[in-house]
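make a model of this:
(2 chains)
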Amino acid sequence: MGIAACLAGTAAVIPVAILSSRNAIVVQSANPEDVHVADGVFVSDYFDLSYRVPDGWTEGLPGPSPSQSGYYVLGTWVPKRDFGGTVLIVAQDMFFATDASDDLKNVVAEIRKVMSSVDGMTIDREPEPVNVGAHPGYRVDFSGVGLFRSVLAIEIRCHVVTFNLTSRDPESLAALVKSLDDLESARKSADPVPECLKDYASENTLRQVEPEHIGTRAESIPVRVVVATDGSVKHVHVIRASAAQRRTIEQAARQWKFKSHLKQGHPVEVETGMRFNLKPANM
Amino acid sequence: METSNVARARMIARFTAISLGSVVWSAAALAQGAAGANTNATAATNAGAANTNAANRNAANSTAATTNAAATSTAAGRGGPTDPGVRGGDPGAGGPLQGLGDVEQQFFQASKQVFEEVDAVPEGLGPRFNLDSCAGCHAHPTVGGSSPPTNPQVAIATAAGAKNTLPSFITANGPVREARFVRNPDGSPDGSVHGLFVIAGRSDAPGCNITQPNFAAQLARNNVIFRIPTPLYGLGLVENVPDSALQISLAANAQQKRSLGISGHFNINTNDTTIARFGWKAQNKSLLLFSGEAYNVEMGITNDLFQNEREGDANCQFNATPESVTPLQPADTGSPAGNFQNDIELFSAFMRLTAPPTPAGSPAAPAAQAAGASGQTTGTAGQATGSATPSAAAASTTSTMMASAAADISSVMAAAAGSSAAQPSSSATSGASVTRGSQVFSNIGCGLCHTMTFTTAKSQLTGQSNVTVQPFSDFAVHDMGSGLADGVTQGTANGNEFRSAPLWGLGQRIFFLHDGRTADLNVAIQQHASRGSEANTVINNYNMLSQSDQQSLLNYLRSL
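As a prediction, this is how the structure comes out:
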């Protein structure tokens, strides 16, 4: 593609959300949107999260497909019998966010700022550091028109994962927040978590292959790739594209070659983001 | 179409009669509403429309039932809020933009006359078509609006001797509709408009024997989707909102949007990469393109933009093509600018020069107000635009859009309290309820997609530069889930995605959603929730509200 792979953002390296301190492990082939619920437990292999849904709650309507900026609705839960509340878990890819979603504190501060500007909305709890399960993060609470809400944000694999809790009363909201104490690791694989690095491709690409020109319009497609310790492409995740676009991008991306990434002298896997600029077939 | 002035006058007279009919209907609604009856004329109309569209809406409701059963049952269990119904009284729409110069106002009047023209085969109608005039579809509450209470498609089916069979989805009290087939017979994507009617049998189309599509068979295959007319008021101002302002708006409040499951993107025009913003999927880049395509697709009239007949049957070609072209001799339109314009240019001019609709009780402040030349003055009460540059102004207004909501509507309703403008019901006349409704609108997240305020760029038109407009749309497309999905891809909007419908003028609309499946505002809100919809959490919030707050939201929306 020539310089068709438009690298997301600048070459700055984002602090890595490595879960090694917890010995956290994931299934390498999982993508952020690959979640499932079994026996009342929500599981995300990619984010290494396991959340037991509160008793009396059930899955709500699923959300949309991943967005062009790497935004995922991972799951929604509602009470079985009444409109007593909502639990919404979402994730935003920090590589492709259209705003500055690179710092948890700023993310929560921005929520506080926006909510305080909403007519009739009150900030009930100023942003403060919290732990969500074993993950350090930030929390802010606010309420308006009889709805009490809490947003808790953590960072996993260069994604901002937020738990958005809503209830009709503060007591029920507190119970929902407490339910997050049971957040656990999914622990399904012995493979290490790749180090997530923004713009790794900008300085470390040894071979790039242009995807086939397809379709009738030019499009920029967000893609995450996992680079193996030998520099080959281990996994390709085309975040939002048609089936045909997905095929041609995967076919090309798997032929890319990168420099090995060394950490403390040892090669480690890297996860990074790229944009593939597809051109129409008639160009 | 080169229509003589006499013929134009005759056609305009015919349309005026239709238009007056709708005014009488609105007045009746007003009278009964003022009497305090719960079942006012508006409500009766709603019920009629609902009944006549029962089959379609039942299908929609069956989807909702599977996706949102709890919502429906719980709301019903609590009694549920009630749609106040179509707001009667002064339409407050259909006139020219405030501040236009004399020549521009003449141009508006000339363009409006052509927009109201009724065409027959000699003027280019057909061979396949949906109606015979622009203003027939865009009729309520005035010319330029949306579907009228009495569907003119019923009468046109057999006009001039035609023997068209009325498709089951076209009814006397239902919405004006166009039909699109989702797939071709070979299974490949279709998505195009299939004209409801043919000119065969008409006295002005001798020898033409083509037949209508077999809609019954296509319906049996679940291969038909519908679209109703979009209101056209204020679109010139929308056209003049800079792309940068829309982009800033969509990016604004990103964290709040994420906390509710909302993302969205623009339908980008491929070659020039600017934002398309017109039509149910924001599929049309410009008003001129919108006009040219509709002229050919809806009326079958070829023109300077769409020059070829869609139906090629040789026995049904009665005119040289394109049928509507730029006149080489000046017409007598009453406007120097209009005399050399072709029809689609005049249609565009009508849309471009028509004022936005006026909210309830607002004495002379439609949903746009000219700022000073410097762009420093305020728009509606309590709202500062505060920037001389469009992008900066957009950023400013977007960031304050929710905070200003209550201030805006407070001023509107304060005016309403002393106004003779009709209100749909006693509860809806409560300024406090509407003010509360605006708070609810902002708090639960409606305003994140139905974005309230933008500022236009510098305009060629007098008094239209740096104007604050309140279309209540971000003009982005959002995934609306399986319940609303129509399976039709247009540009970068896929089969699940629709543009956030601009809510200005909503108080006077009869039919809701892209296919007009309901005339009940509460149902329309609930239909935003289904598998995959970005609106699911916002609708959850709505369902968590007290019934009083739900009612306030409906009252607020009907005040727009």
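
contacts and neighbour counts: CA atoms only from here.
OK.

quick check: buried residues in stretch A:94-106?
Residues of stretch A:94-106 classed as buried by neighbour count (16 or more other C-alpha atoms under 10 Å in any protein chain shown): A:94-98, A:101-102, A:104-105.

buried ones in the helix ranked longest in chain A?
In chain A, with assignment by DSSP state H, the single longest helix is helix A:104-116. Neighbour-count burial for helix A:104-116, counted by 16+ other C-alpha under 10 Å, picks out A:104-105, A:107-112, A:114-116.

hmm, it in reach of chain B?
Yes. Using C-alpha under 8 Å from any C-alpha of the partner chain, helix A:104-116 reaches chain B at A:107, A:110-111, A:114-115.

that helix - contacts with which helices or strands?
Secondary-structure packing of helix A:104-116 (3 or more C-alpha pairs under 8 Å, 6 or more residues apart in numbering or on different chains; DSSP states H and E): strand A:122-132, strand A:135-144, strand A:147-156, helix B:254-258.

and for stretch A:164-180, what are the contacting residues?
For stretch A:164-180, the surrounding residues in contact (C-alpha atoms under 8 Å, 6 or more residues apart in numbering or on different chains) are A:51-54, A:84-89, A:132-133, A:146-152, B:259-260, B:544.

for chain B, which segments count as strands?
B:128-129, B:178-181, B:197-198, B:224-227, B:267-268, B:275-276, B:368-370, B:454-455, B:467-469, B:477-479, B:497-499 (DSSP state E).

identify the residues contacting the closest residue to residue B:242 other than its chain neighbours.
Counting by C-alpha to C-alpha, 6 or more residues apart in numbering or on different chains, residue B:242 lies nearest to residue B:457, which is 6.0 Å off, once chain neighbours are set aside. Applying C-alpha under 8 Å, 6+ apart to residue B:457 gives the contacts B:240-242, B:390, B:465-467.

could you redo the last one with a cut-off of 6 Å?
Counting by C-alpha atoms under 6 Å, 6 or more residues apart in numbering or on different chains, residue B:457 makes contact with B:240-241, B:390, B:465-466.

distance between the ends of stretch B:508-520?
12 Å (C-alpha to C-alpha, to the nearest Å).

what's the answer for stretch B:440-458, then?
Start-to-end span of stretch B:440-458 (C-alpha to C-alpha) is 34 Å.

burial measure for residue B:281, as a count.
29 (other C-alpha atoms under 10 Å in any protein chain shown).

helix/strand/coil for the residue lying closest to residue A:155 once chain neighbours are set aside?
Closest residue in space to residue A:155, ignoring its immediate chain neighbours: residue A:161 at 5.8 Å, by C-alpha to C-alpha, 6+ apart. Look at residue A:161: counting by DSSP: H, G, I helix; E, B strand; the rest coil, its state is strand.

next up, the contacts around the nearest residue to residue A:197 once chain neighbours are set aside.
Leaving aside its sequence neighbours, residue A:197 sits nearest to residue A:272 (C-alpha to C-alpha, 6+ apart; 5.3 Å). Contact partners of residue A:272, counting by C-alpha under 6 Å, 6+ apart, are A:196-198, A:224-225.

one more time with 7 Å
Residue A:272 makes contact with A:196-200, A:224-226 under the criterion C-alpha atoms under 7 Å, 6 or more residues apart in numbering or on different chains.

next: residue B:96.
B:105, B:108, B:353-355.

what angle do the longest helix of chain A and strand A:147-156 make?
For helix A:104-116 against strand A:147-156, the angle by axes from the mean of the first three to the mean of the last three C-alpha atoms, to 10 degrees is 160 degrees.

interface residues of the stretch 101-250 of chain A facing chain B?
Residues of the stretch 101-250 of chain A that fall close to chain B, judged by C-alpha under 7 Å from any C-alpha of the partner chain: A:107, A:110-111, A:114, A:117-121, A:144-146, A:164, A:217-218.

would you quantify the distance from the residue nearest to residue B:128 when sequence neighbours are not counted to residue B:125?
Nearest residue to residue B:128 in three dimensions, chain neighbours excluded: residue B:198, at 4.5 Å (C-alpha to C-alpha, 6+ apart). Separation of residue B:198 from residue B:125 (C-alpha to C-alpha): 9 Å.

residue of chain B nearest chain A, please.
Nearest residue of chain B to chain A: residue B:532, at 4.0 Å (C-alpha to the nearest C-alpha).

what sits against that residue?
Residues in contact with residue B:532 (C-alpha under 7 Å, 6+ apart) are A:62-65, B:479-482.

quick check, pLDDT for it.
You'll see residue B:532 listed with a pLDDT of 97.

and residue A:10, by the same measure?
For residue A:10, the pLDDT comes out at 29.

how about the residues of chain B by chain A?
Within chain B, the residues that sit near chain A (C-alpha under 7 Å from any C-alpha) are B:67, B:74, B:251, B:253, B:255-256, B:259, B:261, B:263, B:270, B:402-403, B:406, B:439-440, B:442-443, B:479, B:530-534, B:536, B:543-545.

in PyMOL, select just the buried ones from these.
Here is the PyMOL command that selects the buried residues among the residues of chain B next to chain A (16+ other C-alpha under 10 Å):
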select buried, chain B and resi 67+74+251+253+255+256+259+261+263+402+403+406+439+440+442+443+479+530+531+532+533+534+536+543+544+545
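
what segments of chain A are helices?
Listed in chain order, the helices found in chain A under DSSP H are A:104-116, A:170-179, A:200-204, A:243-253.

could the ones you listed go into TSV alongside mean pLDDT?
Shown next, in TSV, are the helices of chain A (pLDDT from 0 to 100):
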stretch	mean pLDDT
helix A:104-116	94
helix A:170-179	96
helix A:200-204	95
helix A:243-253	94
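
and the ones you listed as CSV, adding distance to residue A:73?
Shown next, in CSV, are the helices of chain A (distance: least, C-alpha to C-alpha, whole Å):
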stretch, distance to residue A:73
helix A:104-116, 17
helix A:170-179, 18
helix A:200-204, 26
helix A:243-253, 20
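
wait, which of those is closest to residue A:74?
With C-alpha to C-alpha as the criterion, residue A:74 lies closest to helix A:170-179 of the helices of chain A, at 17.1 Å.

buried sites along that closest one?
So helix A:170-179, judged by 16+ other C-alpha under 10 Å, has buried residues A:170, A:172-174, A:176-177, A:179.

what's the farthest-apart pair in the residues you listed?
Pairwise distances across these peak at 14.2 Å for A:170 and A:179 (criterion: C-alpha to C-alpha).

number of residues surrounding the residue lying closest to residue B:536 once chain neighbours are set aside?
Spatial nearest neighbour of residue B:536, excluding adjacent residues (C-alpha to C-alpha, 6+ apart): residue B:529 at 4.7 Å. Neighbour count of residue B:529, defined by other C-alpha under 10 Å: 28.

so residue B:529 touches residue B:537, yeah?
No. Using C-alpha atoms under 7 Å, residue B:529 is not in contact with residue B:537, being 8.2 Å away.

roughly how far apart are the nearest residue to residue A:64 once chain neighbours are set aside and residue B:517?
In space, and not counting its chain neighbours, residue A:64 is closest to residue B:532: 4.0 Å by C-alpha to C-alpha, 6+ apart. According to C-alpha to C-alpha, residue B:532 stands 20 Å off from residue B:517.

for residue B:204, same thing?
34 Å.

tell me which of these two has more neighbours.
Under the criterion of other C-alpha under 10 Å, the comparison of residue B:204 against residue B:517 puts residue B:517 first, with 29 against 17.

and that one, what's its pLDDT?
With respect to pLDDT, residue B:517 has a value of 98.

can you tell me how far it is from residue B:154?
From residue B:517 to residue B:154 the distance is 18 Å (C-alpha to C-alpha).

return the helix or strand in chain A with minimum mean pLDDT.
One helix or strand of chain A scores below all others by mean pLDDT, DSSP states H and E: strand A:5-7, with a mean of 40.

point out where chain B drops to low pLDDT.
Along chain B, the parts satisfying pLDDT under 70 run over B:1-78, B:362-430.

ok, now how distant is the residue nearest the centre of it from residue A:115?
Centroid-nearest residue in chain B, with C-alpha atoms, centre = their mean: residue B:230, separated by 2.3 Å. Noted for residue B:230: a distance of 32 Å to residue A:115, by C-alpha to C-alpha.
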